[in-house]
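Enquirer: What follows is a protein structure lacking sequence information:
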């Protein structure tokens, strides 16, 4: 075996044993781009070796996706197949697992009417609302992983000769996932333990609010009663531990829906469903976005905020040190799943019910009453930099440094 083949096999084993953590008798669905076929075949093989009952691969091709936006009639975009949503619901209800190899082309929808994309994204969100509830409540094991595609490599490594870009992209993916370690599975268990220590430290602190300061950012964030920090991975309904994002460097929680005030400025581009938005600023009053702008792609932000009422409120806040392994690669990856792990971030839209005590047993109305946000959407945007400072405010008014110069104080 070549060095690359060895690394690829280690990576496939890692996502099966640590990512979705397949258990004997489980059904697995893998959503995979056509371009990652070699990795996908290895993943299927490792899943059966781990005892999977059945593995279904859903192949995806971005050229076919684009053809739809170029050629389909206008009424196509409000349609989402019910049988597709039903399949995902049945999988979740049957205790299955879902693995997404998620690498959208940052320029896929260049020149496409923005409203078509927004309509299709919303139609999918409405049809899959029940399934997404299962996902956000950890009733199903799920994991999002990365693998190089030509379009992604060309964007991220545009400064390299074309024939070297895919190799560089693979190297980056292996590095950010600790695949170069002799035993990546053991390395991940150690990494998760470190994130757990951070999570426990922050949960013990019980800060009532946080104050974010950086160039273009001056934001006060209040926290709801009973909020919880999580990080690394989590347990599904059956008590099986899985890691939803690979790589992951964050600990995350939910802010109080109506408790966000001030201005925040993004530090990395946002790939919003295949459309790039750069230089974002949001101004919040009592939790809601009251003003917003972007240096490019502002219209895509508009359609995001118009998804529903909850799309204008924050559902997640996450802490990631600026000197994280991904940050040290010194690249913008134009992929939220990677960039959010190089940078502190917030998410507009739905909160994860797991981030509040007893949240997974609450209805939408009960979650809102507790101060959690509810929405069809959930979109992370990055705000971390070497200049970010965060203070935590305790119940008695004591102010403590949480982040200084972009990293843990």
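Expert: Now that the structure is in, tell me what you want to look at. These numbers were taken from a predicted model, which means no experiment stands behind them. Numbers count the residues shown, from 1 in each chain.
Enquirer: Which residue lies nearest the spatial centre of this structure?
Expert: residue 337 (4.7 Å; C-alpha atoms, centre = their mean).
Enquirer: Skipping adjacent residues, who's closest to that one in space?
Expert: Sequence neighbours aside, residue 144 is the residue nearest to residue 337 in space, at 5.4 Å (criterion: C-beta to C-beta, 6 or more residues apart in numbering). Every residue, glycine included, has its C-beta placed from N, CA and C.
Enquirer: what's in contact with the strand or helix carrying the one you found?
Expert: If you go by DSSP states H and E, residue 144 is part of strand 141-145. For strand 141-145, the surrounding residues in contact (C-beta atoms under 8 Å, 6 or more residues apart in numbering) are 15, 19-21, 26, 97-102, 135, 177, 236, 240, 242-246, 337.
Enquirer: try it again with 7 Å
Expert: Applying C-beta atoms under 7 Å, 6 or more residues apart in numbering, the contact partners of strand 141-145 are 15, 19-21, 97-102, 135, 236, 240, 242-246, 337.
Enquirer: same thing with stretch 279-292?
Expert: So stretch 279-292 is contacted by 216, 257-266, 270, 293-296, 301, 305, 312-313, 381 (C-beta under 7 Å, 6+ apart).
Enquirer: Now, of those residues, which are buried?
Expert: Among the contacts of stretch 279-292, those buried by neighbour count (16 or more other C-beta atoms under 10 Å) are 257-262, 264-266, 270, 294, 301, 305, 312-313, 381.
Enquirer: Those in strands, which ones?
Expert: Using DSSP state E, 260, 261, 262, 264, 265, 270, 381 are the members of the buried ones among the contacts of stretch 279-292 that sit in strands.
Enquirer: Tell me how many other residues surround the nearest residue to residue 34 once chain neighbours are set aside.
Expert: Nearest non-adjacent residue to residue 34, counting by C-beta to C-beta, 6+ apart: residue 61, 5.0 Å away. When neighbours are defined as other C-beta atoms under 10 Å, residue 61 has 11 of them.
Enquirer: so where does residue 326 fall, helix or strand?
Expert: Short version, using DSSP H and E: residue 326 is in helix 325-328.
Enquirer: avg pLDDT for the next helix or strand after that helix?
Expert: Counting by DSSP H and E, the next helix or strand C-terminal to helix 325-328 is helix 336-339. For helix 336-339, the mean pLDDT works out to 90.
Enquirer: list the helices and strands helix 336-339 packs on?
Expert: Contacts defined by 3 or more C-beta pairs under 7 Å, 6 or more residues apart in numbering; DSSP states H and E place helix 336-339 against no helix or strand at all.
Enquirer: what residues does it touch?
Expert: So helix 336-339 is in contact with 102, 144, 146, 176, 245, 247, 268, 270-271, 326, 332-333, 380, 382, going by C-beta under 7 Å, 6+ apart.
Enquirer: try stretch 6-20
Expert: For stretch 6-20, contacts defined as C-beta under 7 Å, 6+ apart pick out 22, 28, 38-39, 42-43, 46-47, 50, 97, 99, 141, 143, 145, 174, 177, 179, 184-185, 188, 242-243, 246.
Enquirer: could you redo the last one with a cut-off of 6 Å?
Expert: Around stretch 6-20, the neighbours that count as contacts under C-beta atoms under 6 Å, 6 or more residues apart in numbering are 22, 42-43, 46-47, 50, 97, 99, 141, 143, 145, 174, 179, 184-185, 188, 242-243, 246.
Enquirer: Helices - which of the residues you listed land there?
Expert: Residues of the contacts of stretch 6-20 located in helices (DSSP state H): 42, 43, 46, 47, 174, 184, 185, 188.
Enquirer: Can you add neighbour count and give those residues back as a markdown table?
Expert: Conversion of the ones in helices among the contacts of stretch 6-20 to a markdown table gives the following (neighbours: other C-beta atoms under 10 Å):
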| residue | neighbour count |
| --- | --- |
| 42 | 20 |
| 43 | 28 |
| 46 | 20 |
| 47 | 24 |
| 174 | 18 |
| 184 | 22 |
| 185 | 14 |
| 188 | 24 |
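Enquirer: Kindly reformat those as CSV and extend each row with pLDDT and distance to residue 71.
Expert: What follows is these, written out as CSV (pLDDT from 0 to 100; distance: C-beta to C-beta, whole Å):
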residue, pLDDT, distance to residue 71
42, 98, 35
43, 98, 32
46, 98, 38
47, 98, 36
174, 97, 38
184, 97, 43
185, 96, 45
188, 96, 43
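Enquirer: Present these as JSON lines; the columns should include distance to residue 288.
Expert: Converted to JSON lines, these look like this (distance: C-beta to C-beta, whole Å):
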{"residue": "42", "distance to residue 288": "46"}
{"residue": "43", "distance to residue 288": "42"}
{"residue": "46", "distance to residue 288": "45"}
{"residue": "47", "distance to residue 288": "43"}
{"residue": "174", "distance to residue 288": "42"}
{"residue": "184", "distance to residue 288": "43"}
{"residue": "185", "distance to residue 288": "43"}
{"residue": "188", "distance to residue 288": "38"}
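Enquirer: Just the closest of the residues you listed to residue 74, please.
Expert: The closest of those to residue 74 turns out to be residue 43 (C-beta to C-beta; 37.4 Å).
Enquirer: What distance do you get for the closest one to residue 7?
Expert: Going from residue 43 to residue 7 by C-beta to C-beta, to the nearest Å gives 14 Å.
Enquirer: repeat for residue 366
Expert: To residue 7, residue 366 is 46 Å away according to C-beta to C-beta.
Enquirer: neighbour-wise, which of those two wins?
Expert: Each of residue 366 and residue 7 has its neighbours counted (other C-beta under 10 Å); residue 7 has more, 19 against 13.
Enquirer: What strand or helix carries that one?
Expert: helix 3-14.
Enquirer: report the angle between the axes of that helix and strand 141-145?
Expert: Relative orientation of helix 3-14 and strand 141-145, computed by axes from the mean of the first three to the mean of the last three C-alpha atoms, to 10 degrees: 150 degrees.
Enquirer: Helix 3-14: which residues count as buried?
Expert: Residues 7, 8, 9, 10, 11, 12, 13, 14 are the ones in helix 3-14 that count as buried (16+ other C-beta under 10 Å).
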